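>>> sequence unknown, structure follows:
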């Protein structure tokens, strides 16, 4: 028997979100249906009862999926069914995962699967802003141990006001957009983009988002209380407290000494720390080593973490010897590769990005065909993280979720500074050749350098920096330009990108409780100082965009034509536009934008572009009285010749307009079909659209020439048909076949 329970959450603008459980997917450990308007998500969660053998981490999998039927659409492709996850689905899955993962107990190691599926969509509200709430609600009503609830909201600043979960139309007007995930007490995750906003505005946006999240957390707690949820008991770890104590006593001082040494060599540190653990295992009785080795490694990890953190907090010494605000040495070089349209190397400490830029035509646009987003993308950024960048001996298998996420952050950082109405489709590729620290921020810097090297007139250069945090509750240290180990062993990974004027993108993951706005403000201001330092180095490397594109860049010229002439340029079955491309050697693309035809002509040389443009202009040009044209005679008649003076435009060159001298017949004129003649358009009949041409108008008028008077036309009576030549005149036009000749 159904016994559903429902909770309603009211947003600041009056819109409502409902959470309901007890109707759908009842065999899952937890299932919640979320509705907002006509958007409906179903979140389910299932967790194994026991941990896998030897598993000492949280094996969490979060999947966000969208059904094309949710918006009344068929999937594309041959199979007509949903396939691999889109970038949007991957990014939404990551947003949810990053908030949930730190909130499972440290000793809970059972396989856990969270699935959020969009079954209905209205194209008004963004589903990604609701996925975190749905997932958390499913965990909250389940018996799975979870230190939530959490929720996620999108906050945007529109006309100076903060709006929670704006609609798709509202978001187009925003100058700040953030996804924020938090518990009732603490912000856990931030990701978003801005149009050069200040650090203070970012903090105000976080506060507005957190206020809304608190209300959503309360609703989930009420739902769990009504259900009488009791969390399961589990035992996924067997610990040896005596061994833990012994590992700390014998290894802590050694680990602290290495941390304090401040060596910049990542591999030396890793080998030195590992040797301490290996030596301890070797000191155990041989018969105990295999059994205790996994425990020793787990306890030693905690020892190493504590040693690094205490060294920073107590002595202000970081693992590589830097001060907390110090940025590692940077070197950059542009025009590093001869083949690409733009290239740059950016190296910061042991992190290195090689970025390339390719400039293409409209034919290179990325086609986006997601459930709620169909369109084309003209600015692309792809990020690659091969295993050799960290010295790992393993194969590279496809694009990981991490690569999609890091590339998306760099893309958001740069896109607002990309020039408006740039004629080229642009692709940046960042290959990480070394990594020890934020490679996504290195990608932003290398991407800026490569764009400038390609001659892209960016609005302003963009740089990025990753900030860290070490805190014990009473003392804290904000670290600039964090190392990989400082990210792994620290409490915060806070990436900030921007120009000299403000922030363009940010991403933050918090791993500790009780992060105050005071600490966030300090981190933001320290990040600003670091960002300005890096921008100074970028400016020293390449102070302005390249004056002109490199020789191998295709040249692009654009033009607009009236909408009604698009068909004439394309031609039946594309025949005309294909002919233009074949004859000129240029690539021509055409599209309708804002009720106009937008034409893009691209080629490697100017002659090809000029020829294509000339052919297009000839097609779309409008005849003008008084203009001179060169055309071809297509038909000879007794009374004159028809001349094609423009594509698809024929005009009458009357026998009297060929010369100032009287010509008795067309045979005497010397004109033949196929002859090229220069004529002047002397009249356009506005009623019939017919054209009168003249050759004699381009010739000097003979001295003393007297124009013959033309016989006046007989005026027509109302209803009278136009006068028609006597049938006997047909002999002037040639003999007519007898009807019997039709055989």
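In hand now; what should we look at? In this text the structure is predicted, and so the values were computed from the model without any measurement.

>>> For the residue nearest to residue 498 when sequence neighbours are not counted, give me the pLDDT.
Spatially, and ignoring its direct neighbours in sequence, residue 498 is nearest to residue 504 (4.9 Å; CB to CB, 6 or more residues apart in numbering). The C-beta positions use only the backbone N, C-alpha and C, and glycine is treated the same way. Residue 504 carries a pLDDT value of 97.

>>> Does residue 504 belong to a helix, a strand or coil?
When classified by DSSP: H, G, I helix; E, B strand; the rest coil, residue 504 comes out as strand.

>>> which residues touch it?
Residue 504 makes contact with 193-196, 412-414, 416-417, 462, 497-498, according to CB atoms under 8 Å, 6 or more residues apart in numbering.

>>> element containing residue 526, please.
helix 517-541 (DSSP states H and E).

>>> which parts of that helix are buried?
Neighbour counts over helix 517-541 (16 or more other CB atoms under 10 Å) mark 519-520, 522-524, 526-528, 530-531, 533-535, 537-538, 541 as buried.

>>> between those residues, which is nearest residue 67?
residue 520 (37.9 Å; CB to CB).

>>> How about the closest one, nearest residue that isn't a chain neighbour?
The shortest distance from residue 520 to any non-neighbouring residue, by CB to CB, 6+ apart, is to residue 203 (6.3 Å).

>>> can you pull the contacts of that neighbour?
517, 520-521, 524.

>>> what would those look like in TSV with distance to residue 75 and pLDDT?
Output for the contacts of residue 203, formatted as TSV (distance: CB to CB, whole Å; pLDDT from 0 to 100):
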residue	distance to residue 75	pLDDT
517	45	87
520	42	90
521	46	91
524	42	94
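
>>> which residues are in contact with the helix or strand where residue 583 lies?
Residue 583 belongs to helix 575-584 when assigned by DSSP H and E. If you take CB under 8 Å, 6+ apart as the criterion, helix 575-584 is touched by 568-571, 586-588, 590, 603, 608-609, 611-612, 615-616, 619.

>>> Tell me the buried residues within those residues.
For the contacts of helix 575-584, buried by 16+ other CB under 10 Å: 568-570, 586-588, 590, 603, 608-609, 611-612, 615-616, 619.

>>> hmm, back to that, in which helix or strand does the residue nearest to residue 520 reside?
Assessed by DSSP H and E, residue 203 sits inside helix 199-227.

>>> what's the spacing between that helix and its chain's center?
When C-alpha coordinates are averaged (CA atoms, centre = their mean, to the nearest Å), helix 199-227 and its chain have centres 28 Å apart.

>>> what's the angle from it to helix 517-541?
Interaxial angle, helix 199-227 versus helix 517-541 (axes from the mean of the first three to the mean of the last three CA atoms, to 10 degrees): 140 degrees.

>>> Any buried residues in helix 199-227, and which?
199, 201-202, 204-206, 208-210, 212-213, 215-217, 219-220, 223-224, 227.

>>> And the buried ones among the contacts of helix 575-584, which is closest to residue 61?
Taking the buried ones among the contacts of helix 575-584 together and measuring to residue 61 by CB to CB, the closest member is residue 587, at 44.6 Å.

>>> Now the closest one: closest residue in space that isn't a chain neighbour?
residue 602 (4.7 Å).

>>> can you redo the contacts of residue 203 as CSV with distance to residue 281?
Putting the contacts of residue 203 into CSV (distance: CB to CB, whole Å) gives the following:
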residue, distance to residue 281
517, 44
520, 41
521, 45
524, 43
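
>>> Can you tell me which of the residues you listed is nearest residue 94?
Nearest to residue 94 among those, with distances taken as CB to CB, is residue 520, at 21.6 Å.
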